[in-house]
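Asker: model the following, please.
(one chain, ligands or ions: 2)
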Amino acid sequence: MNDWKNCFVCIKCNTKFSLDEPRWKCNCGGLLDICFKPAFPMDKIKNRKPGMWRYREAVPIENDKCIISLGEGFTPILEIEIAGKQVLVKQEHLFPSGSYKDRGASVLISKINDLGIKHVVEDSSGNAGAAIAAYCAAAGIGCDIYVPADTSYAKLSQVQSYGANLFKIPGSREDTAAAVLKAAQSTYYASHSWNPFFFHGTKTFAFEVSEQLDWNAPDTVILPAGNGTLLLGASIGFNELHDAGIIKKIPRLIAVQAEHCAPLFNKTQSQSLPFKKTIAEGIAIAEPVRGPQMIDAVKKSSGFFITVSEDEIEKALFNIHRKGFYIEPTSAAVIAGVQKYLTEWGTNNNETVVSAFTGHGLKKSASISFNE
Ligand SMILES: *Cc1c(COP(=O)(O)O)cnc(C)c1O
Ligand SMILES: [Zn+2]
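Answerer: Ligands and ions are numbered 1, 2, ... in the order given. Next comes the predicted model:
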């Protein structure tokens, strides 16, 4: 009998499954989480090279030999002045494929490699697809990436350069999701929103932030809220550190959505902002599958959702570029959120605020100069 120490668990019906099964959802259709008790052997961690795999014992991958790494993680954290305050901004655009999605891809593709799966499908508005394509290339695993037809040229070209098959789906982001779900009936779905292994990669963001603050939790962490891969990953990571007695509190999570696509803001604030096109394409997710979990994580941390206008995003993009950082518009939406938070809610000067540059500007080069 399995003692279910490490397992998948359905968040809807509580059924448990072995992590050796090639599965990404429950038979009931519910989302899966992973039950797993991480370990943080501090003396080992501090002697390892800077990268996300330095927290090896905190990642639910058993077999060392299956790990697919491109040297990702342990990104610098820099103090940057925003709205007259010092904010610690983690340089998550400095990943091998140009976004923090590599954290999730490295762990998920390592697991897929361990399972012996040779071909996967994934859908993305760009960066998750690029990350999965990069790690599949490194692993020698074939992949089909489904994207909305109007995704940035630079992202599509990146996905194809890694050798992935690109499927451009006309219509909305939801049409793309529907197309990949059909494909996923016969091929393993390496989904950054469904697959819980992805979140056990993005959680290393929280480990790194804490270690970079001498194993302390910041007061406030401001992150994007599209599908919640970084938001939920950070929540898992900070909770694991807290449960292990390493940090004394869970930071307050502030989740940023574009005013033009704000489903979770609408739900939590009883608003009904209409859906429109936004330049923050990476967070233009009208129906995030883990939406209820995202709301739960934010509320439990005593945080809340905020929105930013197109104008605020463009201004933040301009300001950050002029400080010497090259980020994409979706990434600027988060910084616009930081600006708004500090202006309207910031509590005191001693508050430690952490945020992130989520994606590299080269992803959007063709249209950045056009927008400005
Ligand atoms: C994916 C992504 C986001 C948003 O992340 P979600 O997981 O959808 O919440 C923000 N910025 C960039 C650059 C991204 O690639
Ligand atoms: Zn279930």
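Asker: just the element for E79, please.
Answerer: Using DSSP states H and E, E79 sits in strand 77-82.
Asker: pLDDT averaged over that strand - what is it?
Answerer: Across strand 77-82, pLDDT averages out at 97.
Asker: pairing partners for it, with directions?
Answerer: strand 85-90 (antiparallel) (DSSP bridges).
Asker: how about the helices in this structure?
Answerer: Here the chain has its helices, by DSSP state H, at 42-46, 101-115, 127-139, 153-161, 173-183, 196-202, 204-212, 229-243, 263-269, 291-300, 310-321, 329-344, 365-371.
Asker: mind putting those into a markdown table with distance to C10 and mean pLDDT?
Answerer: Just so you know, the C-beta spots here come from the backbone N, C-alpha and C atoms, and that holds for glycine as well. Shown next, in a markdown table, are the helices of the chain (distance: least, Cβ to Cβ, whole Å; pLDDT from 0 to 100):
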| stretch | distance to C10 | mean pLDDT |
| --- | --- | --- |
| helix 42-46 | 32 | 97 |
| helix 101-115 | 18 | 98 |
| helix 127-139 | 23 | 97 |
| helix 153-161 | 31 | 87 |
| helix 173-183 | 18 | 90 |
| helix 196-202 | 11 | 98 |
| helix 204-212 | 24 | 98 |
| helix 229-243 | 16 | 98 |
| helix 263-269 | 22 | 97 |
| helix 291-300 | 13 | 98 |
| helix 310-321 | 37 | 97 |
| helix 329-344 | 31 | 97 |
| helix 365-371 | 41 | 48 |
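Asker: how about a markdown table for those, with mean neighbour count and distance to W24 added?
Answerer: Shown next, in a markdown table, are the helices of the chain (neighbours: other Cβ atoms under 10 Å; distance: least, Cβ to Cβ, whole Å):
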| stretch | mean neighbour count | distance to W24 |
| --- | --- | --- |
| helix 42-46 | 11 | 30 |
| helix 101-115 | 27 | 10 |
| helix 127-139 | 28 | 13 |
| helix 153-161 | 18 | 20 |
| helix 173-183 | 17 | 11 |
| helix 196-202 | 28 | 8 |
| helix 204-212 | 24 | 20 |
| helix 229-243 | 24 | 14 |
| helix 263-269 | 18 | 22 |
| helix 291-300 | 18 | 15 |
| helix 310-321 | 18 | 32 |
| helix 329-344 | 25 | 25 |
| helix 365-371 | 13 | 33 |
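Asker: which one of those helices lies closest to D64?
Answerer: helix 101-115 (9.6 Å; Cβ to Cβ).
Asker: next one: the closest one to chain centre, how far?
Answerer: Its chain's C-alpha centre and that of helix 101-115 lie 13 Å apart, by Cα atoms, centre = their mean, to the nearest Å.
Asker: burial measure for D214, as a count.
Answerer: Residues within reach of D214, counting by other Cβ atoms under 10 Å, total 6.
Asker: not counting residues beside it along the chain, what's closest to the residue of the stretch 201-350 of the chain found nearest ligand 2?
Answerer: Nearest to ligand 2, among the residues of the stretch 201-350 of the chain, is V289, at 14.0 Å (Cβ to the ion). Leaving aside its chain neighbours, V289 sits nearest to S193 (5.0 Å; criterion: Cβ to Cβ, 6 or more residues apart in numbering).
Asker: in contact with the one you found, which residues?
Answerer: 227-229, 288-290 (Cβ atoms under 8 Å, 6 or more residues apart in numbering).
Asker: the residues you listed: which ones sit near ligand 1?
Answerer: Restricting the contacts of S193 to those touching ligand 1 (Cβ under 6 Å from any ligand atom) yields 227-229.
Asker: among these, which one lies nearest to A284?
Answerer: N227 (10.5 Å).
Asker: OK, contacts around that closest one?
Answerer: By Cβ under 8 Å, 6+ apart, the neighbours of N227 are 192-193, 285, 288-290.
Asker: equivalent analysis for G337, please.
Answerer: G337 sits next to 222, 224, 254, 256, 306, 308, 355 when contact means Cβ under 8 Å, 6+ apart.
Asker: one more time with 10 Å
Answerer: 222-225, 254-258, 305-308, 312-313, 316, 355 (Cβ atoms under 10 Å, 6 or more residues apart in numbering).
Asker: contacts with ligand 1 among these, please.
Answerer: Restricting those to those near ligand 1 by Cβ under 6 Å from any ligand atom leaves 224-225.
Asker: of the contacts of G337, grab the buried ones for ChimeraX.
Answerer: Filtering the contacts of G337 down to the buried ones (16 or more other Cβ atoms under 10 Å) takes a single ChimeraX command:
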select :222,223,224,225,254,255,256,257,258,305,306,307,308,312,313,316,355
